[in-house]
Structure formats: C-alpha cells, structure tokens
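**Q** Okay, here's the prediction I keep looking at, along with the sequence it came from:
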Amino acid sequence: MLAIDIIGLAMTICLVGLRYPHFVLGAAVIHDMGRIIMALFLHGNIETIVAAGAFGTADVSNLNSVLKNALIVLSGPLVNYMVSATIGGIERERTVNLFNPCAVVKSSFAVINLRLAILSFLVNIWHFF
C-alpha cells in the first residue's frame with residue numbers, strides 16, 4: 001500500500017527548500033524509489049510505503065537481520081546523496097547556503113538532494129534507534 005503524507009511533504013519542503021518546492025518533490029520521489037529498489041533487491045515483501053519526504057517510512061517483511069533493515073532505512077538518504085554528488089555543483093556553493101532553505105543557490109537540485117539526504121538520515125537514525 002502506498003500512502004502520501006501531505007503534512008510530511010509540507011514539512012520537508014519547509015525544512016529543505018522553500019524556494020524550490022518542485023525540486024524537493026522530485027528529490028522525495030528519488031528518496032522513496034531508493035527504498036523500494038533496495039527492498040526489492042533484498043527480496044523483502046513491501047507491506048506499506050508512506051511517502052512523506054524526509055519523514056517517510058517503509059514497512060518491509062521477510063527480512064531476517066537488522067543489517068537488512070538498516071540498509072532499507074538508509075537507502076533513501078544514500079540515493080539522494082549519490083544524485084547530489086553525481087550532479088555536482090555543491091563545491092561552488094557557500095557553506096551558509098547549503099543549510100539555509102531560503103537561500104538562492106546555483107546548483108539547486110544538487111543542494112536540495114544533499115539537504116534531503118542529511119535531514120532524512122537524521123530522522124531515520126532517530127527512528128531506527
């Protein structure tokens with residue numbers, strides 16, 4: 001089952017990029033696709049996917065170890081980080097602009113993916129433990 005959490009997406013847009021909400025939604029889709037692909041790669045049965053940007057969850061059954069669960073939890077931020085590193089342009093940005101969601105940036109999609117990866121990593125680590 002797929003559920004879309006509008007409040008979670010709105011909070012993600014506010015925390016990641018107020019100037020670029022369309023890029024935040026694209027990065028959220030990439031984030032959730034990373035989780036789905038990792039769950040399919042590990043032969044897990046996907047019960048529920050809640051698409052809420054950085055606050056989304058995935059319930060996957062048929063996994064025997066904590067390592068597989070951790071891989072699924074961290075696969076979304078990892079995919080966002082890989083997209084950000086592949087696109088490039090982060091090195092041209094000022095460090096202050098990397099963490100300010102209202103800042104105008106040169107490479108917006110790369111910065112949005114990096115912000116989403118960091119926020120999602122922190123939220124998922126908090127939920128995992």
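**A** Yes, it's here.

**Q** Which strand in the protein has the most residues?
**A** In the chain, ranked by residue count with DSSP state E as the criterion, the top strand is strand 45-51.

**Q** And it, how far out from the chain middle?
**A** 15 Å (C-alpha atoms, centre = their mean, to the nearest Å).

**Q** Contacts for the helix or strand bottoming out on mean pLDDT in the chain, please.
**A** Ranking every helix and strand in the chain by mean pLDDT, DSSP states H and E puts helix 95-99 at the bottom, with a mean of 89. The contact list for helix 95-99, computed with C-beta atoms under 8 Å, 6 or more residues apart in numbering, reads 90, 103, 104, 105, 111, 114, 115. Any C-beta I mention is one placed from the backbone N, CA and C, and that applies to glycine too.

**Q** So which of these belong to helices?
**A** Among the contacts of helix 95-99, DSSP state H puts 111, 114, 115 in helices.

**Q** does the last one really touch residue 101, like I thought?
**A** Yes: the pair residue 115 and residue 101 qualifies as a contact (C-beta atoms under 8 Å) at a distance of 7.2 Å.

**Q** got any residues that touch both of those two?
**A** Common neighbours of residue 115 and residue 101 (C-beta under 8 Å, 6+ apart) are 15, 16, 17.
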